[in-house]
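J.: Okay, here's the prediction I keep looking at, along with the sequence it came from:
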Amino acid sequence: MLLNCENVCKDYMRGKLVVPVLKNVNLKVENGEYIAIMGPSGSGKTTLMNLIGCLDVPTSGNLTLNGENLSGMKSRRMADVRNQVLGFVFQQADLLPGLNAIDNVALPLLYRGVKKKERRKKAMEMLEKVGLSDRMEFMPNQLSGGQCQRVAIARAMAGDPQLLLADEPTGALDSQSGKQVMELFRQLNQEGITILMITHSQEVADEADRIYYIRDGILTAEKEDRAK
Amino acid sequence: MFENIKLAFQGIWSHKMRSLLTMLGIIIGIASIISIVSTIKGTNEQIKQNLVGSGTNAVTIALYQGDWTFDLDWNAIPEGVPPMNDAVRTQITALETVEDASIYTERNYVSNVFYQNTPYNGALRGIDRHYLGVNGYSVSLGRSFTERDYQNYNKVAIVDDKVAQSLFYGENPIGKVIEINKDPFVVVGMAMQSSENTPVINSLSDYDLYVGSSSGCVFVPDVHWGSLYRYDEPQKLCLKATSTDDMTAAGQKAVSIINSRLSVGEKSDLSYQSNDISKQANDLQKLTNTTNMQLIWIASISLLVGGIGVMNIMLVSVTERTREIGLKKAIGAREGRILWQFLTEAAVLTSFGGILGVAAGVGLSKIISQLTGAPTAISIPASIIAVVFSTLIGVVFGLLPAVKAARLNPIDALRRE
């Protein structure tokens, strides 16, 4: 099992008020799965992704990623886990404006200490995979929104992650680019990458093998909700 | 590291105006320090050149009473001061740091020398065969004293260029007859100290230094001194050190040799002392250094202000780039890497400012020297120290913003639009 969330709770302090954001979330993800989590804004889906993404620690409950317990982990180790086990795709592509496509894609490898030549080779490979072999030296401001997002996916994939986390990856794209991006995810999943995607578009979620719904911090499995 | 520097340069370049304004404090601070240091160095080199001359390295050893030179214009001949002889001279020239030495007698303000009806009020020196060489004189007109002049007691004189100017009004002095103590002496030569020893006068203080030795000098063979004045007058000794740095040491060794021959008694305050010009130069340099050190401290305040400006802008930059920091953290950048990134950026910014400041300072000191005539000399070590120091300012004042960036919570950073 790649990911196991057991009774995960997360509270935020708003002044003296304790606001529970996640309530007893249980989620199991096997290797090679394609999972979508749906929910309206404020339902806690981004918080859940932050926890799975090693960006935050749960208030209570157990969260195991790749056999490693995330609670009580040092921030340095968390950074390494993010770098080696996870790949992130955000709503905005968030490319560094001063770097071209190759250097942007190679960034996670730079943090890992990979030599420059190997970095470039791997980055070019990844850009080819996302269909941007003719845009490798382009700067982010010379690329369209959809192309930027594909560079961001290539960056997330450059470190050979075990789990790809995507937070509304098509949210800022037109439908045409959105479709291309979704096709890319499907293709990556078929190659064996585990994908966990957060979205509030049913169309996007339908691409996934399983869909979970989150509402007011409670995660429910697909079937029950669909029945409703 | 190299990546960071490259990125930092990109960052600076993409905000040219802001970066320039940020660096301005550093630029001004470094520029003023460099121009002050250049002026100090220039002045010091000039003092050294004016006083010590290049190559003469002459140390004068004279009889002192307490702190004052024993002046035979006013004082009677002291007892217990034996005349110097060739043996003393040989002993002193044998010293390792001494190249040559000369024994001579001197009156600083004579009243018994005339050319026709014009009285001469400068110095008169009775010199041995070595004097002109030791003091860096060269005979530019006529001839020097010959062995025969000394042996035959020829009544000949050499004047220096200042006397030629003041007493003969620029006419050729050779063959002119001057009267010394009612005896006629024929001027056979004109000597001048080699041109590199001619002081450059840029300021009033230079002038004061200069006039001490400016009234000119008439030289006669020392064999006449006895008939002109009295026998057994205490002589002076002048030595040429092998290098400027050896002047003080050579002078002191020679003084102890000469003083060991005195028999003036316990209570007497008569003694020979060396008048080491390089020591005077050092004292003067120390004086200018202390006043200018205060200027440097004042200029450093602008560096402090510049540093605070850098910190301010870096804090703004961290806030502006919160999302970028969040993203970098999300893809696995450790805290240390973020810290280094911002620290490098601050250091690159201030070192660049430092380099610009050095350039501005060099330009400024050139302008100052053009406008005021004050000498300047660019100090390369000072320039290097200035750049290193400005890098250090970047590291010190960039630390707080960099720590702030490194400690950013990645969730908060990513939430920021």
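T.: Nice, I can see it.

J.: list the contacts for residue B:365?
T.: Residue B:365 sits next to B:34-35, B:38-39, B:42, B:376, B:378 when contact means Cβ atoms under 8 Å, 6 or more residues apart in numbering or on different chains. In short, each C-beta sits where N, CA and C put it, glycine included.

J.: so which strand or helix has residue 35?
T.: No chain in the question, so chain A it is. strand A:34-38 (DSSP states H and E).

J.: oops, chain B please
T.: helix B:16-52.

J.: List the buried residues for that helix?
T.: Across helix B:16-52, burial judged by 16 or more other Cβ atoms under 10 Å in any protein chain shown covers B:19, B:22-44, B:46-52.

J.: what does stretch A:172-186 give?
T.: A:172-173, A:177-178, A:180-182, A:184-185.

J.: residues touching residue B:225, list them.
T.: B:105, B:126, B:233.

J.: Please read the previous query as pertaining to residue B:9.
T.: By Cβ under 8 Å, 6+ apart, residue B:9 lies in contact with residue B:348.

J.: got the buried residues for the helix or strand hosting it?
T.: Assigned by DSSP H and E, residue B:9 falls within helix B:2-14. Burial within helix B:2-14, assessed by neighbour count using 16+ other Cβ under 10 Å, is assigned to B:4, B:7-9, B:11-12.

J.: Find the pair from these with maximum spatial separation.
T.: Greatest spatial distance in the buried residues of helix B:2-14: B:4 and B:12, 12.5 Å, computed using Cβ to Cβ.

J.: Identify the contacts common to the two.
T.: Residues touching both residue B:4 and residue B:12 (Cβ under 8 Å, 6+ apart): residue B:345.

J.: Can you identify each of the helices in chain A by residue range?
T.: A:45-52, A:75-84, A:101-112, A:116-129, A:145-158, A:175-190, A:202-205, A:222-227 (DSSP state H).

J.: If you count contacts, what does the fourth one end up packed against?
T.: Helix A:116-129 sits against helix A:101-112, helix A:145-158, with contacts defined as 3 or more Cβ pairs under 8 Å, 6 or more residues apart in numbering or on different chains; DSSP states H and E.

J.: what is the orientation angle of that helix with helix B:2-14?
T.: Between helix A:116-129 and helix B:2-14, the angle comes out at 70 degrees (axes from the mean of the first three to the mean of the last three Cα atoms, to 10 degrees).

J.: Now helix A:116-129: buried residues?
T.: If you call a residue buried by 16+ other Cβ under 10 Å, then helix A:116-129 has these buried ones: A:119-120, A:122-124, A:126-127, A:129.

J.: from the middle of its chain, how far away would stretch A:120-132 be?
T.: 19 Å (Cα atoms, centre = their mean, to the nearest Å).

J.: List of residues touching that stretch?
T.: With contacts defined as Cβ under 8 Å, 6+ apart, stretch A:120-132 is touched by A:101-103, A:105-106, A:109, A:114, A:133, A:135-136, A:147, A:150-151, A:153-155, A:157-158, A:180, A:184.

J.: restrict the residues you listed to contacts with chain B.
T.: Checking these against chain B by Cβ under 8 Å from any Cβ of the partner chain, the ones in range are residue A:155.

J.: List the strands paired with the strand holding residue A:35, with their directions.
T.: Applying DSSP bridges, strand A:34-38 is found paired with strand A:194-199 (parallel), strand A:210-215 (parallel).

J.: pLDDT wise, what is residue A:227 at?
T.: On pLDDT, residue A:227 comes in at 41.

J.: likewise residue A:223?
T.: pLDDT for residue A:223: 49.

J.: Same question for residue B:56.
T.: Residue B:56 carries a pLDDT value of 68.

J.: Residue B:113 too?
T.: For residue B:113, the pLDDT comes out at 90.

J.: For it, grab the count of nearby residues.
T.: 24 (other Cβ atoms under 10 Å in any protein chain shown).

J.: which phi and psi does the residue nearest to residue B:127 when sequence neighbours are not counted have?
T.: Nearest residue to residue B:127 in three dimensions, chain neighbours excluded: residue B:104, at 4.6 Å (Cβ to Cβ, 6 or more residues apart in numbering or on different chains). With angles defined as degrees, to the nearest 10, residue B:104 sits at phi -150, psi 160.

J.: doesn't residue B:236 make contact with residue B:104?
T.: Yes. Using Cβ atoms under 8 Å, residue B:104 is in contact with residue B:236, at 5.8 Å.

J.: part of a helix, is residue B:103?
T.: No. According to DSSP: H, G, I helix; E, B strand; the rest coil, residue B:103 belongs to no helix; its state is strand.

J.: So what sits opposite it in the bridge?
T.: Note on residue B:103: beta-bridge partners residue B:237, judged by DSSP bridges.

J.: Would you map the helices across chain B?
T.: B:2-14, B:16-52, B:86-93, B:131-134, B:147-151, B:161-168, B:204-211, B:225-228, B:247-259, B:277-320, B:322-330, B:335-372, B:380-407, B:410-415.

J.: Kindly reformat these as CSV containing mean pLDDT.
T.: CSV is the format used below for the helices of chain B (pLDDT from 0 to 100):
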stretch, mean pLDDT
helix B:2-14, 79
helix B:16-52, 83
helix B:86-93, 88
helix B:131-134, 88
helix B:147-151, 92
helix B:161-168, 84
helix B:204-211, 52
helix B:225-228, 85
helix B:247-259, 87
helix B:277-320, 82
helix B:322-330, 90
helix B:335-372, 91
helix B:380-407, 92
helix B:410-415, 82
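
J.: Out of those helices, which gets nearest to residue A:60?
T.: With Cβ to Cβ as the measure, helix B:410-415 is the member of these nearest residue A:60 (17.9 Å).

J.: what's the closest residue to residue A:162 other than its chain neighbours sitting at in phi/psi?
T.: Using Cβ to Cβ, 6+ apart and skipping residues adjacent in sequence, the residue nearest residue A:162 is residue A:85, 5.2 Å away. When read as degrees, to the nearest 10, the backbone of residue A:85 gives phi -100, psi -30.

J.: Double-check residue A:85 against residue A:67; I have them as touching.
T.: No. Between residue A:85 and residue A:67 there is no contact under Cβ under 8 Å: 10.3 Å.

J.: For those two, indicate the residue with more neighbours.
T.: Neighbours were counted for residue A:85 and for residue A:67 using other Cβ under 10 Å; residue A:85 has more, 20 against 8.
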